[in-house]
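# Show me how the following folds:
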Amino acid sequence: MVENTDAEGRLVLIDGLAEAAELGATHIIDIATLTGAIQRALGNSIGGLFSNSEGLAITITESGEECGEKWWRMPLDEEYSESLKDKVADIRNIADGGPGAITAALFLKEFVKKDLQWAHLDIAGVAFTANGYKYTEHGATAFGLKTIVETVKRYSADELR
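Predicted structure coming up:
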């Protein structure tokens, strides 16, 4: 059920997650300015990292360190999935309050094929700057791009662990 049309990006992301699985992906990293909650939690210099794979999460964190982009691993605690349940639909796109960044990531996770290694990078707090940030004066920061490129390089070198 679409409970909040302001959270429409999640609907686009779940289409992409499903399509990637159909195309045979074994690893997926999605990146989005998904929630203001992650900005309130981590501020404007650390991105939120959610993953169903310990190895992928470690690789992303290490890749970010290499590139000067900080990531904080957030929990995907299934207990919070209860707030996404609906009386009519299978799942709602937004929860009844609670930890917004976590429930948004749990919503995405529902559409990830079980055997895929998946990571969601929430960059709502780090995607734009008004006061300058490292390599940009103002505007879009491209935060996460360097991390993803480095992660792909590492996996390519290790033949997709």
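# hey, let's count contacts and neighbours off CA atoms from now on
Fine.
# check contacts around residue 10.
34, 93, 104, 108 (Cα atoms under 8 Å, 6 or more residues apart in numbering).
# mean confidence for whichever strand or helix holds it?
Here residue 10 sits within helix 9-22, counting by DSSP states H and E. Across helix 9-22, pLDDT averages out at 90.
# That one: what's the following helix or strand?
That would be, after helix 9-22 and using DSSP H and E, strand 27-32.
# Report the beta-bridge partners for the residue nearest the centre of the chain.
For the chain, residue 120 is the residue whose C-alpha lies nearest the centre (Cα atoms, centre = their mean; 2.1 Å). Going by DSSP bridges, residue 120 is paired in beta bridges with residue 30, residue 50.
# Give me the pLDDT value at residue 148.
We note a pLDDT of 97 for residue 148 in this prediction.
# What of residue 4?
57.
# mind listing the helices for the protein?
Counting by DSSP state H, the chain has these helices, from start to end: 9-22, 36-42, 54-67, 100-109, 145-157.
# I'd like those as CSV, with distance to residue 126 appended.
Shown next, in CSV, are those (distance: least, Cα to Cα, whole Å):
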stretch, distance to residue 126
helix 9-22, 17
helix 36-42, 8
helix 54-67, 13
helix 100-109, 14
helix 145-157, 12
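# Alright, calling it a day.
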